[in-house]
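Participant: Sequence plus the predicted model coming up.
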Amino acid sequence: MVAIFIKSLLISYSGAVMPGSLLTYVINQSLKKGIKTGYLAIIGHAILEVILILLIFLGLNKILASTIATIIVSFFGGALLLFFGISGIVDIFKNSIGIKIDKQTKVNSDKRIVADGLLLSGSNPYFIIWWTSVGMVLLYEAYNAFGYLGVIIFTIGHFLADLSWYMFVSTIVSKSKGFLPQKTYRIIALVLSLALVGFGAKYIVNGLQLVI
């Protein structure tokens, strides 16, 4: 169970850390709104994720006992993790990863930030792709290992990753009126991208073992 929690945490961090509309929004709002911006945005983000988890899990429940499904999911999820990890590494070394800060941004209400957290997540193609591929694989693995308890552990790990990262971002931005130095940010992103490559390779090896 500890392994599932740690894997969920690390893989989820890799998604949360990468630049996107939600991260940029939280940084810009935190400049004026303060530390609470992070958890307000993640409330909206989490609402959408709970809906997606239920939908994915309801679909998975029909095929969980199939060895063929396990093989397909292992190869598919492993390939996508490798793709995301390698893409992240390439972007880091090309210096194409960065965050735009707008200190003139308009301050939104608490309810608006929650709503924006949901809307920005839902409108992000990467978010949908992640949940219908990598998220599905992790749910599948957690359920096969520990049933519904495994799904709960995975979900807790995933939510803690999102919440802790965005609270960290809000705290850093609100206290310093800026974000992490680009070098530090890229090192964090590189470590998490390498972790994705490692997990992706492991999933593919597991799939090959079932075939052989």
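Facilitator: Alright, I've got the coordinates. Residues are numbered from 1 along each chain as shown.
Participant: Spatially nearest residue to G198, not counting backbone neighbours?
Facilitator: G85 (7.9 Å; Cβ to Cβ, 6 or more residues apart in numbering). The way it works is simple: take the backbone N, C-alpha and C, and place the C-beta from them, glycine included.
Participant: before we move on, what about Y203?
Facilitator: That would be G78: by Cβ to Cβ, 6+ apart, it lies 3.2 Å from Y203.
Participant: neighbours around that neighbour, how many?
Facilitator: Residues near G78, counting by other Cβ atoms under 10 Å, number 22.
Participant: The helix or strand hosting it packs against which elements?
Facilitator: G78 belongs to helix 67-93 when elements are defined using DSSP states H and E. Here helix 67-93 touches helix 2-17, helix 134-146, helix 182-211, going by 3 or more Cβ pairs under 8 Å, 6 or more residues apart in numbering; DSSP states H and E.
Participant: can you pull the buried residues of the worst-scoring helix or strand of the chain on mean pLDDT?
Facilitator: Ranking every helix and strand in the chain by mean pLDDT, DSSP states H and E puts helix 125-132 at the bottom, with a mean of 72. Neighbour counts over helix 125-132 (16 or more other Cβ atoms under 10 Å) mark F127, W130, W131 as buried.
Participant: ok, back up a step: hang on, the residue nearest to G198 packs against L194?
Facilitator: Yes - counting by Cβ atoms under 8 Å, L194 is a contact partner of G85 at 6.8 Å.
Participant: of those two, who's got more company?
Facilitator: Ranked by neighbour count (other Cβ under 10 Å), G85 and L194 place G85 first, with 22 against 15.
Participant: residues contacting the more buried one?
Facilitator: Each residue near G85 by Cβ atoms under 8 Å, 6 or more residues apart in numbering is listed here: S14, S193, L194, A195, L196, V197, G198, G200.
Participant: Which of those are buried? Put it as a ChimeraX command.
Facilitator: In ChimeraX, a selection of the buried entries from these looks like this (16+ other Cβ under 10 Å):
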select :14,193,195,196,197,200
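Participant: What is the nearest of the contacts of G85 to F168?
Facilitator: The closest of the contacts of G85 to F168 turns out to be S14 (Cβ to Cβ; 14.9 Å).
Participant: Tell me how many other residues crowd M1.
Facilitator: 13.
Participant: How about the secondary structure of the closest residue to it other than its chain neighbours?
Facilitator: Nearest residue to M1, sequence neighbours excluded (Cβ to Cβ, 6+ apart): I153, at 5.5 Å. Following DSSP: H, G, I helix; E, B strand; the rest coil, we place I153 in the helix state.
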